[in-house]
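1. Next come a sequence and a model predicted from it.
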Amino acid sequence: MKLDEVRAMGEGELKKQLEDSRQELFNLRFRLATKQLVNHREIPRVKKKIARLETIIREKALAEVEEKA
């Protein structure tokens, strides 16, 4: 998913994506612990996705506060 597409999403969609990504990370860690994970590079990819989503949510929150002030 491109950064522009993520920025165009609404707050509800972003939070849903964040929740899904956290669940995916949990499942990947579980599969890693049980030696079922084939591609271990998936874990950093999902962590990076979570960080991007949290950053954009924070940017939107700060923009709202700035508009009100």
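-> Yep, that arrived.
2. make it CA atoms for all contacts and neighbour counts henceforth
-> Noted.
3. could you measure residue 51 against residue 38, distance?
-> 23 Å (CA to CA, to the nearest Å).
4. By mean pLDDT, point me to the weakest helix or strand of this structure.
-> helix 3-8 (a mean of 88; mean pLDDT, DSSP states H and E).
5. Show me what it is in contact with.
-> If you take CA atoms under 8 Å, 6 or more residues apart in numbering as the criterion, helix 3-8 is touched by 14, 53, 56.
6. Give me the buried positions along that helix.
-> Across helix 3-8, burial judged by 16 or more other CA atoms under 10 Å covers residue 6.
7. circling back: who wins for most neighbours among the contacts of helix 3-8?
-> residue 53 (20 neighbours; other CA atoms under 10 Å).
8. just checking, residue 29 touches residue 43?
-> Yes. Look at residue 29 against residue 43 with CA atoms under 8 Å: they come within range, at 7.4 Å.
9. Just give me the residue closest to the centre of this protein.
-> Centroid-nearest residue in the chain, with CA atoms, centre = their mean: residue 50, separated by 2.6 Å.
10. in this protein, which spans are helices?
-> With DSSP state H as the criterion, the chain has helices at 3-8, 11-33, 42-68.
11. Outside of stretch 33-46 itself, list whatever touches it.
-> Residues from elsewhere that reach stretch 33-46 (CA under 8 Å, 6+ apart): 21, 24, 25, 28, 29, 31, 32.
12. Which of those residues are buried? Put it as a PyMOL command.
-> The following PyMOL line selects those of the contacts of stretch 33-46 that are buried, judged by 16+ other CA under 10 Å:
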select buried, resi 21+24+25+28+29
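13. For the contacts of stretch 33-46, give me JSON lines that also has distance to residue 68 and pLDDT.
-> Formatted as JSON lines, the contacts of stretch 33-46 follow (distance: CA to CA, whole Å; pLDDT from 0 to 100):
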{"residue": "21", "distance to residue 68": "31", "pLDDT": "97"}
{"residue": "24", "distance to residue 68": "36", "pLDDT": "98"}
{"residue": "25", "distance to residue 68": "36", "pLDDT": "98"}
{"residue": "28", "distance to residue 68": "41", "pLDDT": "97"}
{"residue": "29", "distance to residue 68": "41", "pLDDT": "97"}
{"residue": "31", "distance to residue 68": "45", "pLDDT": "97"}
{"residue": "32", "distance to residue 68": "46", "pLDDT": "96"}
